[in-house]
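Novice: build me a model from this:
(one chain, ligands or ions: 3)
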Amino acid sequence: MNLTDILKKTGIENFKKEEILFLLNQKEEDAREEIYRAARKVRQKYFNDQVFFYGFVYFSTYCRNNCSFCFYRKENKQPPRYRKSRQEIIETAVSLKESGVHLIDLTMGEDPYYISHPEELIETVREVKDKTGLPVMISPGVVSHKVIDQLAEAGASWYALYQETHQKKLYDSLRTGQPYEERMAAKEYAAQKGMLIEEGLLTGVGESREDIYLSFQEMERLGASQVRTMTFIPQDGTPMGKIERRSFHDELLNIALMRILFPDRLIPASLDVDGLNGLKQRLMAGANVITSIIPPKKGFAGVASAKTDIDEGGRTVEGIMETVKECGLSDAGALSYQKWIEKRQSQR
Ligand code: SAM
Ligand code: MD0
Ligand code: SF4
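Specialist: Residues are numbered from 1 along each chain as shown. Ligands and ions are numbered 1, 2, ... in the order given. Predicted coordinates:
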């Protein structure tokens with residue numbers, strides 16, 4: 001198989017399984033650079049070198065679950081637990097909007113309070129949308145079909161829910177006590193109701209190339225409009241806390257392959273793994289969204305990197321602009337983001 005020839009193609013439907021496995025197997029720096037270059041060309045063609053910015057509002061860090069990889073798992077005593085008031089959430093969302101983000105991602109642990117008071121969540125979505133005028137993504141974990149209906153009705157554009165892996169045994173070891181099919185069904189239902197879906201996988205949790213291939217297939221089957229991956233970061237006080245952190249190079253390869261296989265989808269470069277430090281490489285691998293933009297000194301946390309660069313202002317629109325420019329990219333603007341969403345929704 002010839003790398004250069006394979007890289008002439010885009011779109012998962014045009015690749016044979018062996019070709020994707022072959023791409024996933026490239027370990028030499030030169031070969032990987034060639035893949036990143038191809039991914040950048042695809043981004044140029046489909047997105048004209050423009051990127052989108054997502055504000056991240058982690059409004060409750062309480063969680064009933066015990067994901068083995070997550071700092072905020074119920075049994076961990078270490079993370080700061082907070083539940084922000086509606087007022088604080090709105091103020092933060094508005095200040096994020098004023099700083100230049102294009103979407104507000106409202107994220108929570110599976111907080112028992114919100115699970116028994118879904119109307120609070122729904123009202124928050126409605127108000128954030130109303131007061132910011134921006135599209136809203138909701139990342140609440142698994143919620144009932146009824147709550148999905150209400151979230152869609154309140155105007156949430158996106159439902160973000162990551163399977164982490166599509167290999168069921170590995171899934172069961174990561175998302176302990178959370179049936180695979182239930183999580184998948186929530187996404188499928190939200191898609192049916194006209195919400196855009198974000199699917200994601202963790203890199204560096206023992207997945208094989210075959211498993212990654214399976215995840216790409218599932219992303220396609222779901223019709224995910226945004227696809228992501230983040231390198232697993234070991235967390236203190238958790239069952240996977242003593243595993244050695246892997247370099248982010250496999251994440252970069254996965255980002256680039258997603259860009260080539262899903263040329264017209266959104267793919268995040270998350271500030272939540274390596275902070276501002278890792279942004280350039282992720283953008284140079286073909287990402288076109290910068291996520292986990294968090295206002296400094298307001299007491300809002302990240303997930304995988306709970307604190308990195310937040311209070312220093314590194315995870316702000318101002319903080320990322322130099323890197324964006326260095327990569328030859330520019331701010332797509334809120335209007336073009338809105339249009340992208342409308343177009344995608346009309347195709348679903
Ligand atoms: N609680 C909701 C859920 O699990 O769907 C929403 C927020 S959850 C904290 C968001 C995502 O962060 C997870 O799905 C996972 O992909 C990622 N994440 C959590 N812990 C991580 C870690 N230690 N390293 C890398 N990514 C992590
Ligand atoms: C991020 N910390 O974008 C956020 C989070 C949830 N929808 C996203 C993982 O990196
Ligand atoms: Fe809870 Fe989400 Fe963390 Fe799992 S990943 S423990 S559901 S906050």
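Novice: how deep is whichever residue of the stretch 201-348 of the chain sits closest to ligand 1 tucked in, by neighbour count?
Specialist: In the stretch 201-348 of the chain, the residue that lies nearest ligand 1 is A304 (3.5 Å; C-beta to the nearest ligand atom). (Glycine included, C-beta is placed from N, CA and C.) Residues near A304, counting by other C-beta atoms under 10 Å, number 21.
Novice: next one, pLDDT for it please.
Specialist: A304 carries a pLDDT score of 98 in this model.
Novice: what does R348 give?
Specialist: Listed pLDDT for R348 reads 87.
Novice: and it, how far from D331?
Specialist: According to C-beta to C-beta, to the nearest Å, R348 stands 26 Å off from D331.
Novice: more crowded one of these two?
Specialist: D331 (19 against 12).
Novice: ok, the more buried one to I290 distance?
Specialist: As judged by C-beta to C-beta, D331 and I290 stand 10 Å apart.
Novice: ok, and does the one helix or strand S173 maps to reach over to ligand 1?
Specialist: If you go by DSSP states H and E, S173 is part of helix 168-174. No: Helix 168-174 does not reach ligand 1 (C-beta under 6 Å from any ligand atom); its nearest approach is 9.0 Å.
Novice: in that helix, what's buried?
Specialist: 170-171, 173-174 (16 or more other C-beta atoms under 10 Å).
Novice: pretty sure F56 is in a strand, no?
Specialist: Yes: remark: F56 belongs to a strand, assigned using DSSP: H, G, I helix; E, B strand; the rest coil.
Novice: chain neighbours aside, what residue packs nearest to it?
Specialist: Distances taken as C-beta to C-beta, 6 or more residues apart in numbering put S292 closest to F56, at 4.6 Å, once the chain neighbours are dropped.
Novice: repeat for N66
Specialist: Distances taken as C-beta to C-beta, 6+ apart place R73 nearest to N66, at 4.6 Å, with adjacent residues excluded.
Novice: repeat for Y337
Specialist: Distances taken as C-beta to C-beta, 6+ apart place H102 nearest to Y337, at 3.9 Å, with adjacent residues excluded.
Novice: and for A332?
Specialist: Q50 (3.7 Å).
Novice: and that neighbour, how close does it get to F59?
Specialist: Distance from Q50 to F59, by C-beta to C-beta: 29 Å.
Novice: between those two, which has more neighbouring residues?
Specialist: Taking other C-beta under 10 Å, Q50 and F59 do not tie; F59 has more neighbours (24 against 17).
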